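Q: Here is a sequence with its predicted model. Questions after.
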Amino acid sequence: MDRRKFLRNGSLTGIGLAAVGSWSRIDAGAVGSRSTKITTALNLEEITVSELQKKMQSGEESSVSITKAYLERIKEIDKAGPMLNSIIELNPDSITIAEGLDLERKNGKIRGPLHGIPILVKDNINTGDKMLTTAGSLALVGNHAKEDAFVMKQLRDAGVVLLGKTNLSEWANFRSTHSCSGWSSRGGQTKSPYILDRNPSGSSAGSGSAGAANLSAICVGTETDGSVVSPASVNGLVGIKPTVGLWSRTGIIPISATQDTAGPMTRSVQDAAILLGAGTGVDETDPVTKESTGKSIKDYTVYLKKDGLKGKRIGIEKSHLTGNPDLVSLLRAAMTVMETQGATIVEVDVLTPLKLLGTAEYQVLLYEFKDGLNKYLSSANGKVKSLKELIAFDLENEKKVMPFFKQEILTESEAKGGLDSKEYLDALSKTNGFRKTILDLMTASKLDALSGITNGPACCIDLVNGDYDNGPSLSTPAAITGFPHITVPMGLFHGLPIGLSFYAGSYTEPLLISLAYSYEQATMKRKKPGFQKDLIP
């Protein structure tokens with residue numbers, strides 16, 4: 001679900017402060033260290049991974065020329081022009097990495113479909129290089145990770161060029177119930193490339209904005225509850241929140257051991273499928289990934305089937321068929337497409353049983369955040385070594401760190417006990433039971449997958465009041481259960497993108513990719529952003 005609803009309702013739940021480590025680093029880094037003059041007429045708008053590969057294979061382009069083209073576009077759109085502020089730091093070694101991959105290609109070594117492809121990753125993912133990993137917090141300025149996160153190693157092995165790191169809602173939007181998504185004390189406020197006075201949703205706001213604006217070929221976000229699928233939805237992207245365990249979480253600043261995962265954010269289902277396979281792998285330091293043995297694959301593109309909806313039974317969240325008539329119209333049109341493609345539509349009610357959990361999910365996250373963050377900070381290179389020290393740092397630097405909203409979630413988490421606490425174990429038991437509720441519902445209705453509106457349109461940037469209820473959302477059922485969830489563009493609502501969700505049981509990524517691809521190819525609802533100043537013509 002929308003993170004704002006989650007923070008305000010339990011389990012149902014500044015712009016000028018782009019301070020230390022933001023554009024000052026970029027000016028001194030990749031953009032400033034080499035000439036960024038583009039020597040080709042490469043049009044990056046809506047270009048796919050496959051199209052970039054064809055250009056490199058033919059010799060028309062190289063990884064270096066493509067990387068330079070993206071750096072120039074970032075300079076023109078993120079730093080100047082619309083000033084999206086989606087990128088918190090650029091990688092000073094991106095050109096060098098691209099040069100090495102071009103040399104490999106010249107010598108006949110091609111690592112795979114991502115060889116030489118520029119990507120951006122969220123700034124809560126460790127990168128063992130010259131860039132920082134801060135979760136957007138000034139408290140972690142100076143935190144140079146000792147090594148890459150496991151998933152980052154997988155992607156580097158696949159041949160990506162890491163362009164840089166994206167801004168996010170500070171601490172992945174687990175700091176305040178009144179936060180404005182896409183704002184961090186280190187990176188400032190990120191904007192939506194569709195309508196610039198809107199925020200691109202949290203917490204993977206920078207990945208959503210940058211991906212939509214074609215500032216890299218593909219992006220990586222992270223999710224606990226909605227933070228991949230929500231910014232993907234409001235930015236007209238395809239987002240995949242994998243089964244918890246398909247991608248390792250080692251080296252990613254945590255919120256929840258039971259719900260966290262990183263995932264692809266791209267402009268097409270095909271590119272999302274390519275990125276998903278590259279990130280898989282069993283990690284001995286993240287035991288849950290062992291459950292993926294025999295269930296994960298390296299090439300999910302074999303499930304890109306135009307007839308993927310044929311013969312499938314899809315459960316539509318019936319509460320999404322009431323409310324704002326324009327949103328309902330989009331969903332009903334999507335249902336008609338699915339039926340035309342051979343699917344059977346069944347109305348279901350998932351959100352009512354979800355309400356019975358009360359605040360159980362939120363309690364689980366409060367306990368797991370304290371436990372996981374203390375472990376991460378204790379070995380990080382930042383100024384603070386514990387959640388308690390982080391809270392103290394924020395108070396000491398309140399004018400810079402908390403000029404708009406505070407840190408009541410951090411203090412609530414610090415007040416919790418350990419993972420052996422009865423309150424935690426009881427809450428965890430309730431959330432674990434919800435998995436059976438979903439599976440029983442699907443079995444009773446003979447459903448292949450569940451579907452509905454991913455979430456409402458992007459909120460206005462409001463640093464005074466924070467985000468607000470923006471309509472229906474569907475992230476929480478998949479988040480609590482650890483099930484995979486994919487969102488695909490469904491259309492525009494007053495010029496703002498709306499996504500259509502599909503989710504099902506653990507390790508059903510092949511099915512969900514086929515459903516999403518079938519719908520995508522039948523509709524092609526992705527529209528590139530126009531950088532409109534505001535909604536009023």
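A: Thanks, I have it. Numbering: from 1, shown residues only.
Q: Give me the mean pLDDT for stretch 456-469.
A: Stretch 456-469 shows a mean pLDDT of 97.
Q: got it, and stretch 272-279?
A: Mean pLDDT, stretch 272-279: 98.
Q: count of neighbours near Gly358?
A: Close neighbours of Gly358, defined as other CB atoms under 10 Å, add up to 14. Backbone N, C-alpha and C define where each C-beta goes, glycine included.
Q: how near is it to Tyr194?
A: 35 Å (CB to CB, to the nearest Å).
Q: What is the distance between stretch 528-537 and the centre of its chain?
A: 23 Å (CA atoms, centre = their mean, to the nearest Å).
Q: Then stretch 325-337?
A: 25 Å.
Q: which of the residues in it are buried?
A: 327, 330-331, 334-335, 337 (16 or more other CB atoms under 10 Å).
Q: so, if you compare those, which one comes nearest to Glu45?
A: Of all those, Leu330 has the smallest distance to Glu45: 24.4 Å, by CB to CB.
Q: can you give me the helices in the stretch 201-350 of the chain?
A: Secondary structure of the stretch 201-350 of the chain, counting by DSSP state H, counting those that start in this stretch: helices at 205-212, 229-234, 269-279, 325-340.
Q: Minimum distance to Lys388: which of these has it?
A: Lys388 sits nearest to helix 205-212 of all those, at 27.4 Å, using CB to CB.
Q: on that earlier part again, closest to Gly108 out of the buried residues of stretch 325-337?
A: Nearest to Gly108, judged by CB to CB, of the buried residues of stretch 325-337 is Val337 at 44.1 Å.
Q: all strands for this structure, in order.
A: 87-90, 118-122, 161-166, 183-184, 188-189, 218-223, 238-241, 261-266, 313-317, 344-348, 449-453, 485-493, 496-503 (DSSP state E).
Q: a markdown table please, covering the ones you listed and showing distance to Glu412.
A: Output for the strands of the chain, formatted as a markdown table (distance: least, CB to CB, whole Å):
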| stretch | distance to Glu412 |
| --- | --- |
| strand 87-90 | 26 |
| strand 118-122 | 24 |
| strand 161-166 | 27 |
| strand 183-184 | 20 |
| strand 188-189 | 25 |
| strand 218-223 | 21 |
| strand 238-241 | 25 |
| strand 261-266 | 24 |
| strand 313-317 | 30 |
| strand 344-348 | 34 |
| strand 449-453 | 30 |
| strand 485-493 | 27 |
| strand 496-503 | 29 |
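Q: Could I get those in TSV, plus columns for mean pLDDT, mean neighbour count and distance to Asn43?
A: Formatted as TSV, the strands of the chain follow (pLDDT from 0 to 100; neighbours: other CB atoms under 10 Å; distance: least, CB to CB, whole Å):
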stretch	mean pLDDT	mean neighbour count	distance to Asn43
strand 87-90	98	28	21
strand 118-122	99	30	15
strand 161-166	98	29	18
strand 183-184	98	32	32
strand 188-189	98	22	29
strand 218-223	98	31	17
strand 238-241	98	32	21
strand 261-266	98	30	18
strand 313-317	98	21	36
strand 344-348	98	16	39
strand 449-453	98	27	32
strand 485-493	98	26	21
strand 496-503	98	27	22
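Q: quick one, which of these is nearest to Leu395?
A: Per CB to CB, nearest to Leu395 of those: strand 183-184, 17.5 Å.
Q: Would you give the sheet partners of the closest one, along with the direction of each?
A: Here strand 183-184 is paired, per DSSP bridges, with strand 188-189 (antiparallel).
Q: Now do the contacts for Ala478.
A: Each residue near Ala478 by CB atoms under 8 Å, 6 or more residues apart in numbering is listed here: 241, 484-485, 503.
Q: give me that answer again for 6 Å
A: Shown in contact with Ala478 (CB atoms under 6 Å, 6 or more residues apart in numbering): 485, 503.
Q: pLDDT score assigned to it?
A: At Ala478, pLDDT is 98.
Q: any idea how far it lies from Ala458?
A: On the measure of CB to CB, Ala478 and Ala458 end up 21 Å apart.
Q: And Ser62, by the same measure?
A: 36 Å.
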